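A.B. asks: take this sequence and fold it.
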Amino acid sequence: MKYVTSSTILAGDTGLAKNLTTYTTDVLVELGNSMIISGAVTIPNLTVNGNLAVSTELNVTTDLDIGVSGSLNIIG
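C.D. replies: The predicted structure follows:
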């Protein structure tokens, strides 16, 4: 599994970002990293060894694995 991110900074220094609503590849949040995904989002396989915050809705179609040091927070 490889680390995937599809965030793109918009409008220079505004700090706005976007992500896909449907991922076709697996997502891995590595130990020591933090990520936020804006939902609703669908991911085939999700492995969380670091920190992941998801807003609104998360749909994992195959496998969700949260490691011993992993943290998943779904907001909304």
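A.B. asks: quick check: buried residues in stretch 65-74?
C.D. replies: Residues Gly70 are the ones in stretch 65-74 that count as buried (16 or more other C-beta atoms under 10 Å). Quick note: C-beta positions are derived from backbone N, CA and C, even for glycine.
A.B. asks: how about the CA coordinates for that stretch, as CSV?
C.D. replies: Below are the C-alpha coordinates for stretch 65-74, written out as CSV (Å, rounded to 0.1, in the frame of the first residue of the first chain):
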residue,chain,number,x,y,z
ASP,A,65,-7.3,-0.9,9.7
ILE,A,66,-6.5,1.4,12.7
GLY,A,67,-3.0,0.7,14.1
VAL,A,68,-2.1,0.7,17.8
SER,A,69,-0.9,4.3,17.5
GLY,A,70,-3.6,5.3,15.0
SER,A,71,-6.4,7.8,15.7
LEU,A,72,-9.5,8.2,13.5
ASN,A,73,-11.9,11.1,14.3
ILE,A,74,-15.1,11.5,12.3
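A.B. asks: so for that stretch, mean pLDDT?
C.D. replies: On average, the pLDDT along stretch 65-74 is 95.
A.B. asks: got a list of contacts for it?
C.D. replies: 29, 31, 45-55, 57-58 (C-beta atoms under 8 Å, 6 or more residues apart in numbering).
A.B. asks: can you get me a residue count around the residue lying closest to Gly76 once chain neighbours are set aside?
C.D. replies: Nearest non-adjacent residue to Gly76, counting by C-beta to C-beta, 6 or more residues apart in numbering: Thr56, 4.6 Å away. By other C-beta atoms under 10 Å, the residues close to Thr56 number 12.
A.B. asks: swap in Gly32?
C.D. replies: Neighbour count of Gly32, defined by other C-beta under 10 Å: 9.
A.B. asks: again with Val54
C.D. replies: Neighbour tally, Val54, other C-beta under 10 Å: 21.
A.B. asks: what's the per-residue pLDDT of it here?
C.D. replies: On the pLDDT scale, Val54 is placed at 93.
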